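>>> next one to model:
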Amino acid sequence: MKIWKTLLLVYRELDVRLPVERGLVGRDSVEPAKTEKTRTHFHHVTSERELADAIDSFRGFPQLVRELTNGKATIEYEIVRPDRALTSLTRESSSRFWPSPDDIQSDLDEFASPGKYDSIFVFWPQRNLKNGTVVPCDAWGLAMGASEWTNGATYAAIANAPSSAWTNEARGEVWLHEWLHGVCAHFAQHGHIMPERDADGGELHGYVRSSTAGWTDYYRDLMSGNVLEDGRRLGIPLAAWS
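Presented below is the predicted three-dimensional model:
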């Protein structure tokens, strides 16, 4: 059985100024556009309800991992709430931003020194659910494989969301999904062939999303090496988790 030591860093407050293109400024920004690009101030503080929704979902993530690997993998986790606002974001593309390891380097060094964890998650307040302001970002969650940049752990950042978003999927699914991107990269480096688009490949491989269980049928096959692609069964074999 593989035990994945996991850390969730919870940032309740975001306080940044970002260069945002005029086309993205308006309903989703705090200030009106004056130039082609304007530095827009985003100050978001998540409510206790938003935090509770996210953490409740996260606590469902280990159970999903156990179930979908038939007990071959286990998540042991800690939750830390750094006593500071998130004050910088990294440009992901010309007009998209996210909290990369660079933006939380001091907290990584303090709480997640190299080798301490196998996986690191960041929860961050991307949007103000009351007034609709939102930091432009490509997705609810973003993830990467382990590297020196991430202190040797898989890394994923997941934003706050309305309660309906958390309940419109299997409990813990969004955390599982982003974790799988990093985990698939890990096992691919060890010679196991992943299906095209790894965790994003459900629909591509003929799976249908369930209204109650989300994409967990696909994840089960991905996590047991049973995704059929071009006559081969691909993914992470159950034996590999050991």
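>>> which parts of stretch 136-150 are buried?
Using 16 or more other CB atoms under 10 Å as the test for burial, stretch 136-150 gives P136, C137, G141, L142, A143, M144, G145, A146, T150. (Each C-beta comes from the backbone N, C-alpha and C, glycine too.)
>>> and the first one, that's in a helix?
Okay, so that is P136. No: the assignment for P136, made by DSSP: H, G, I helix; E, B strand; the rest coil, is coil rather than a helix.
>>> S94 is in contact with that one, correct?
No: using CB atoms under 8 Å, P136 is not in contact with S94, being 9.9 Å away.
>>> next, count neighbours for T212.
Counted with other CB atoms under 10 Å, residues neighbouring T212 total 8.
>>> for the remainder of this discussion, apply numbering that starts at 23.
Sounds good: first residue 23 from here, last item T234.
>>> tell me how far it lies from V144.
As judged by CB to CB, to the nearest Å, T234 and V144 stand 28 Å apart.
>>> equivalent analysis for I97, please.
16 Å.
>>> which one's more surrounded, those two?
Ranked by neighbour count (other CB under 10 Å), I97 and V144 place V144 first, with 26 against 22.
>>> that one is in contact with L31, isn't it?
Yes: with contacts counted by CB under 8 Å, V144 reaches L31, the gap being 5.1 Å.
>>> overlap in contacts, those two.
Common contacts of V144 and L31 (CB atoms under 8 Å, 6 or more residues apart in numbering): I126.
>>> I figured Y177 was touching D124, is that so?
No: at 11.3 Å, Y177 does not count as touching D124 under the criterion of CB under 8 Å.
>>> looking at those two, which one has more neighbours?
Neighbours per residue, other CB under 10 Å: of Y177 and D124, the larger number sits with Y177, 29 against 11.
>>> and C206, what is it in contact with?
Contacts for C206 were tallied using CB under 8 Å, 6+ apart; they are M216, D220, A221, L244, I258.
>>> how about the contacts made by the nearest residue to E35 once chain neighbours are set aside?
Excluding the flanking residues, the one nearest E35 by CB to CB, 6 or more residues apart in numbering is A107, at 3.9 Å. Shown in contact with A107 (CB under 8 Å, 6+ apart): Y33, E35, L36, D37.
>>> for D75, same thing?
Counting by CB under 8 Å, 6+ apart, D75 makes contact with A183, S185, W188.
>>> host element of it?
Here D75, judged by DSSP states H and E, is contained in helix 70-90.
>>> now do the buried residues in that helix.
E72, L73, D75, A76, S79, F80, G82, F83, P84, L86, V87, L90.
>>> ok, so what distance separates the fifth one from G194?
From S79 across to G194, the span is 6 Å (CB to CB).
>>> and what of W162?
W162 is 14 Å from G194, where distance means CB to CB.
>>> dump whatever helix or strand S186 lives in to CSV, keeping only the CA atoms.
Element membership for S186, per DSSP H and E: helix 185-189. Taking Å, rounded to 0.1, in the frame of the first residue of the first chain, the C-alpha atoms of helix 185-189 are listed here in CSV:
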residue,chain,number,x,y,z
SER,A,185,-21.6,25.6,-2.7
SER,A,186,-23.4,24.1,-5.8
ALA,A,187,-20.1,23.5,-7.5
TRP,A,188,-18.8,21.3,-4.7
THR,A,189,-22.1,19.3,-4.5
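>>> run through the neighbouring helices and strands of that helix.
helix 70-90 (3 or more CB pairs under 8 Å, 6 or more residues apart in numbering; DSSP states H and E).
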